[in-house]
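Engineer: fold the following and give me the result.
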Amino acid sequence: MNGELGTGPAAHRRYAVWAPHAQAVELVFTDHEPGAVHDAEDPWSIAGSVGMESAEGGWWVPDGSAEGPFGTDHGYGYRVDGEGPFPDPRSRCQPDTVHGPSRLVDGAAHPWQDGGWAGRPLRGAVIYELHLGTFTDEGTLDAAARKLDHLVSCGVTHVELLPVNSFGGARNWGYDGVGWYAVDASYGGPAAYQRFVDACHGAGLAVIQDVVYNHLGPSGNYLPQFGPYLTEHSTGWGSGLNLDGPDSDEVRRYILDNARMWFEDYHVDGLRLDAVHALRDTRAVHLLEELAAETDTLSERLGRPLLLVAESDLNDPRLITARPGPGAEGTGGYGLTGQWSDDFHHAVHVALTGETDGYYADFAPLSALAKVLNHGFFHDGSWSSFRHRRHGRPLGEQIPAEALVVCAQNHDQVGNRAAGDRLTASLDEGQLAIGAALLLTGPFTPMLFMGEEWAASTPWQFFTAHREPELAQAVTEGRRREFARMAWSHDAVPDPQAPETFAASTLRWDEAQTGRHARLLELYRTLGRLRAERRELTDPDRSTTRAVVDEERGWVRMDRGVERGDAGAAVGPGAVVLLAALGEKPMPVPDELGGYRLLAGHSAEGPRTAVADDARVPPHGFLLLGREGQS
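Structural biologist: Alright, predicted model coming up:
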């Protein structure tokens, strides 16, 4: 299981490497134990070398007459035109970080137990986003696997892992990684990843892997030494990929093969595609369309659904519109399964916190929340004061509700705050409960951020461990400059390089059993169970949702399972109705809901087990009511 993909037969040879403009390539070997030179200044100690010969398509393969230690016991890398050595761009294992030798991996060694696994579609999903390094004290895949019963108890169906690719240093968010094909050794490496996926499937959980195809970080980025992988275009986070210039066929293949690796070799069920709006591709067939087409073909061959969910800032429904082809002529979409929708997060965040700075400004009226619940996007061609222009396009009626993946918190929206503070730090129990109810009973696919289900008190801050002093200093100073413009003091912004910043971000599982943590955890479990039981809560037809608000009083009503008449008008109340009082005034329960039973309820004082005698929703509380005889 090493880089044996790519185009042309040469790419399938062991140790093959793409270096289209090189004059000479040499394969070198090391003989130290994996991980033995993890912290060494120079992890390369060459024990031997083998000449390579040029093959078709810019690929190089070991000289047919060469003799060398062609086995898994040795580390390896390449010298290109006398420079290096550098690790394999398609390395599956980097036990000595992205700066050290690569290792071959026997991907067939794992005895898979998921032969009966049929996958899980996005419809009906509850996604749980987690960072392996801070999810448990151990920070490993094996430790995370021991928490799967907890996730199942909350109604979670899909586990989404933040990037696991190899990086330099001891800790990282994962979004500036460069070892795209290698699972970082600190998490347990490739074998532990296979064990984790197997355990998830055994527990009935699908796995979504977060991948970053829009840029590469600065530490350990050796791709330019091999070929024209990158362009001069900067995404703001790092160099962009050459998707449409000369030699871009093989660069695109580098991405497409990486996706195929996750699906085939690691049995993952989906990929979350980071910031696809930063992919610069002018070709007639966009990379995302090509990726979706290949994924659909692979899905058919493997006999299980394979999901592609894009993070996008564009509010462009073309991402999740069907591709042109038989039965879809003229649709012109990319055919992805789903996309993140920040508009839901922004509307809920403003409604709960009252923050209206920056991109939150347009979501200040409570009516913004109603628009998002009813129509999916808030910015659907409307004016964006943050961007100083119109933004977005309306969703077509054919887009199913589950295609929008939404959240009340996620790694970005928490971690990119100066102090990495969660909603827990500023909201009372009732407000947190309302956020949970809007998320888990709303029309879209909900995603939880690790610890959200028990109102974790730990922040989730931006942390790094760059080994290069100048890079470490630049990250720390840049972070502080960024928030100084927003009037945050120097001392209020945690140092990303400090080990205590990472330690403070690690979940404290013991607190989930006490106080409001335990009460909110039980609420999430109740809402997760209801979402699985009540088909109205996962109906793909967006027209069966109706949301209205009372701006002055801070009241929200959301009907699910609404029936529509011939003219499209709602006929009576929905089968499930959420009533939420975000303001300081109690909200009366409408008489038309008098025969409904209480499904769930919570306020600042804790769980509500009955509708009050005066039939009112208390301030900072909600009631979820269901029609009798419905399921």
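
Engineer: and the closest residue to Glu53 other than its chain neighbours, what pLDDT?
Structural biologist: Excluding the flanking residues, the one nearest Glu53 by CB to CB, 6 or more residues apart in numbering is Asp63, at 5.2 Å. Every residue, glycine included, has its C-beta placed from N, CA and C. Listed pLDDT for Asp63 reads 89.

Engineer: now Val576: closest residue in space, sequence neighbours ignored.
Structural biologist: Arg560 (4.4 Å).

Engineer: that neighbour contacts Arg542, doesn't it?
Structural biologist: No. Assessed by CB atoms under 8 Å, Arg560 is found out of contact with Arg542, at 10.9 Å.

Engineer: pull the distance from stretch 539-555 to the chain's centre.
Structural biologist: 27 Å (CA atoms, centre = their mean, to the nearest Å).

Engineer: could you do stretch 590-610 as well?
Structural biologist: For stretch 590-610, the distance to the chain centre is 34 Å (CA atoms, centre = their mean).

Engineer: equivalent analysis for stretch 306-314, please.
Structural biologist: 9 Å.

Engineer: now it: buried residues?
Structural biologist: Leu306, Leu307, Leu308, Val309, Ala310, Glu311, Ser312, Asp313 (16 or more other CB atoms under 10 Å).

Engineer: now those residues as TSV including secondary structure?
Structural biologist: What follows is those, written out as TSV (DSSP: H, G, I helix; E, B strand; the rest coil):
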residue	secondary structure
Leu306	coil
Leu307	strand
Leu308	strand
Val309	strand
Ala310	strand
Glu311	coil
Ser312	coil
Asp313	coil
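
Engineer: for the chain, longest helix please?
Structural biologist: Ranked by residue count and defined by DSSP state H, the top helix of the chain is helix 515-533.

Engineer: can I get the CA coordinates of that one in CSV?
Structural biologist: Extracted in CSV, the C-alpha atoms of helix 515-533 (Å, rounded to 0.1, in the frame of the first residue of the first chain):
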residue,chain,number,x,y,z
GLY,A,515,-24.6,19.2,36.7
ARG,A,516,-25.8,20.9,33.6
HIS,A,517,-23.3,18.9,31.6
ALA,A,518,-25.2,15.7,32.4
ARG,A,519,-28.7,17.3,31.9
LEU,A,520,-27.7,18.6,28.5
LEU,A,521,-26.2,15.3,27.5
GLU,A,522,-29.5,13.6,28.3
LEU,A,523,-31.3,16.2,26.1
TYR,A,524,-29.0,15.5,23.2
ARG,A,525,-29.7,11.8,23.6
THR,A,526,-33.4,12.5,23.6
LEU,A,527,-33.3,14.7,20.6
GLY,A,528,-31.0,12.2,18.7
ARG,A,529,-33.5,9.4,19.5
LEU,A,530,-36.5,11.5,18.3
ARG,A,531,-34.7,12.4,15.1
ALA,A,532,-34.3,8.7,14.3
GLU,A,533,-37.9,7.9,15.3
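
Engineer: excluding its backbone neighbours, what's nearest Pro540?
Structural biologist: Nearest one to Pro540, counting by CB to CB, 6+ apart, is Pro400 at 3.7 Å.

Engineer: any idea how many residues pack against the one you found?
Structural biologist: Here the count is done by other CB atoms under 10 Å, and Pro400 has 19 residues near it.

Engineer: and the pLDDT at it?
Structural biologist: For Pro400, the model assigns a pLDDT of 97.

Engineer: which residues are in contact with it?
Structural biologist: Arg123, Pro540, Asp541, Arg542 (CB atoms under 8 Å, 6 or more residues apart in numbering).

Engineer: farthest-apart pair in those residues, please.
Structural biologist: Spanning the widest gap among the contacts of Pro400 are Arg123 and Arg542, at 12.9 Å by CB to CB.

Engineer: higher neighbour count, the two?
Structural biologist: Arg542 (20 against 15).

Engineer: does that one really touch Gln398, like I thought?
Structural biologist: No. Counting by CB under 8 Å, Arg542 stays clear of Gln398, with 10.1 Å between them.
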